[in-house]
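[1] what shape does this take:
(4 chains)
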There are 2 protein chains.
Amino acid sequence: MTDPPRRRDRAATHAALLEAAQRRFASEGYDAVSVRDVAADAGVDAALVFRYFGSKAGLFRAATSPLPAPADLADGSAEALPGRLLRAVVPDAGQPVGEEQLLALLRSSGHAEARAQLHRQMCDGYVAALAELAEEPGRDLRAELVGALLLGISLQRSVVGTPALAAASAAEIEPLFDAAVTALLGSTGHGKRADSPDSPENQGAGQ
Amino acid sequence: MTDPPRRRDRAATHAALLEAAQRRFASEGYDAVSVRDVAADAGVDAALVFRYFGSKAGLFRAATSPLPAPADLADGSAEALPGRLLRAVVPDAGQPVGEEQLLALLRSSGHAEARAQLHRQMCDGYVAALAELAEEPGRDLRAELVGALLLGISLQRSVVGTPALAAASAAEIEPLFDAAVTALLGSTGHGKRADSPDSPENQGAGQ
DNA sequence: GTCTATAACAAGATAGAC
DNA sequence: GTCTATCTTGTTATAGAC
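    Okay, the predicted model is just below:
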């Protein structure tokens, strides 16, 4: 779909296959897309998939492993982290970051492998970083609830398609999102605000 | 899987097929389960599926349409609605309400039909009821964000499997959830609490 | 020698004929 | 209700172009 069918370039074919797989898996899920589909999208033959990725499962693994780097979310000021997370989920410039990979994993969550990867990425990445900001008691629970909100926002926008959320920009969502995150991370229902100088800026992500 | 293989009862066969389909579609998604699978679970032949439901798609439609009644969520006091929603998503008695249907729809969301049904159920049911409680400006956006939180909680528990949320009971989650809902529904970031006697108890669900 | 396409295989799917 | 035709799937072996 990118070039005339003849393209004798190992790297380019590999990349085209991977990109096509990311799009297909994200929009249709693992089972609904055949290796012939992604090969056709990439403009090459299906046999190439096995030559470069070993199997369909290998292709899926390669297409879904580069989830949005959790390291990028950990650096920077701690108080601004929720905002960074929000912009990662609802990009302003229209540039999707890891939305496709997340969708691919979710739509393929009937498979244990996809579920395991989703679990790892979520727990070790997002939730661990958020737990640094949460207060006791229930630090982990608080962090996971913020993660749930982010996950829900992403899903509402991409698959459920609720009108207001799908049309809203990050700037419009941010005030509400911030208030909710503050309520979830702070003391139980006391309406604690983020401007309290707690400064938990140690970013060790201690598991 | 329920009875000896011979059972000449139209209604019982129909019900057994439907129940098996709900479980299978929820745990594996539309594409991963074959009509043979659900027929075997129901203890009948695969051809019966086509006799009773017309096609595989018809079976899926029948298995996913009875989402948790949105009417049950609309009656009762308006302030208690978030709590009712939470208990619908994380049941105390271990009895999943509409979780299976939600999972089935999500795992099959690569198909436009499943996505459309998900959209309808979400928008016309949950979000419409929640919008009654939200303040301006951004009433719809506020309601959809609460819906996103609920959706995310359900997903974290069932597919992602984040530890704290999966192990928590509704009673443990409720204080945090309530604080977040209050923040989302109330005025922008002013930390408005639910105990304000706004009393929007008109339950007309005027679409 | 390396990259790509053709062709064929076994297994399993849906669906319709009996 | 059973059986079976037809199609699609993932995958491999083989042959062809650069």
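[2] make it CA atoms for all contacts and neighbour counts henceforth
    Will do.
[3] what sits against residue A:29?
    By CA atoms under 8 Å, 6 or more residues apart in numbering or on different chains, the contact list for residue A:29 reads A:104-108, B:108, B:110.
[4] could you chop chain A up by domain?
    Residue ranges for the domains of chain A, per automatic domain parsing: A:10-64, A:70-185.
[5] what's the first helix or strand after the lowest-mean-pLDDT helix or strand in chain A?
    None of the helices or strands of chain A scores lower by mean pLDDT, DSSP states H and E than helix A:70-74, at a mean of 62. Under the assignment DSSP states H and E, the closest C-terminal helix or strand after helix A:70-74 is helix A:81-89.
[6] re earlier: out of the domains of chain A, nearest to residue B:164?
    Nearest to residue B:164 among the domains of chain A is domain A:70-185; the distance by CA to CA comes to 5.1 Å.
[7] hmm, the closest one in reach of DNA strand D?
    No: using CA under 7 Å from any atom of the strand, we find that domain A:70-185 stays clear of DNA strand D, coming within 12.6 Å at best.
[8] re the thing from before, looking at the domains of chain A, which is buried most?
    domain A:70-185 (a mean of 21; mean count of other CA atoms under 10 Å in any protein chain shown).
[9] and the helices in chain A?
    A:10-28, A:35-42, A:47-53, A:56-64, A:70-74, A:81-89, A:99-107, A:112-120, A:128-131, A:139-155, A:163-167, A:170-185 (DSSP state H).
[10] show me what the longest one is packed up against.
    Meaning helix A:10-28. When contacts are defined as 3 or more CA pairs under 8 Å, 6 or more residues apart in numbering or on different chains; DSSP states H and E, helix A:10-28 packs onto helix A:35-42, helix A:56-64, helix A:99-107.
[11] mind exporting it as PDB, just the C-alpha atoms?
    The C-alpha coordinates for helix A:10-28 follow below in PDB (Å, rounded to 0.1, in the frame of the first residue of the first chain):
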ATOM      1  CA  ARG A  10      14.800  -5.900   4.200                       C
ATOM      2  CA  ALA A  11      14.500  -3.000   6.700                       C
ATOM      3  CA  ALA A  12      11.700  -1.200   4.700                       C
ATOM      4  CA  THR A  13       9.700  -4.400   4.400                       C
ATOM      5  CA  HIS A  14      10.100  -5.100   8.100                       C
ATOM      6  CA  ALA A  15       9.000  -1.600   9.000                       C
ATOM      7  CA  ALA A  16       6.000  -1.600   6.600                       C
ATOM      8  CA  LEU A  17       4.800  -5.000   8.000                       C
ATOM      9  CA  LEU A  18       5.100  -3.700  11.600                       C
ATOM     10  CA  GLU A  19       3.300  -0.500  10.900                       C
ATOM     11  CA  ALA A  20       0.500  -2.300   9.100                       C
ATOM     12  CA  ALA A  21       0.300  -4.800  12.000                       C
ATOM     13  CA  GLN A  22       0.000  -2.000  14.500                       C
ATOM     14  CA  ARG A  23      -2.900  -0.400  12.700                       C
ATOM     15  CA  ARG A  24      -4.700  -3.600  12.000                       C
ATOM     16  CA  PHE A  25      -4.300  -5.200  15.400                       C
ATOM     17  CA  ALA A  26      -5.400  -1.900  17.100                       C
ATOM     18  CA  SER A  27      -8.600  -1.500  15.100                       C
ATOM     19  CA  GLU A  28      -9.700  -5.200  14.800                       C
END
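[12] that helix vs helix A:35-42, what angle?
    Helix A:10-28 runs at 120 degrees relative to helix A:35-42, counting by axes from the mean of the first three to the mean of the last three CA atoms, to 10 degrees.
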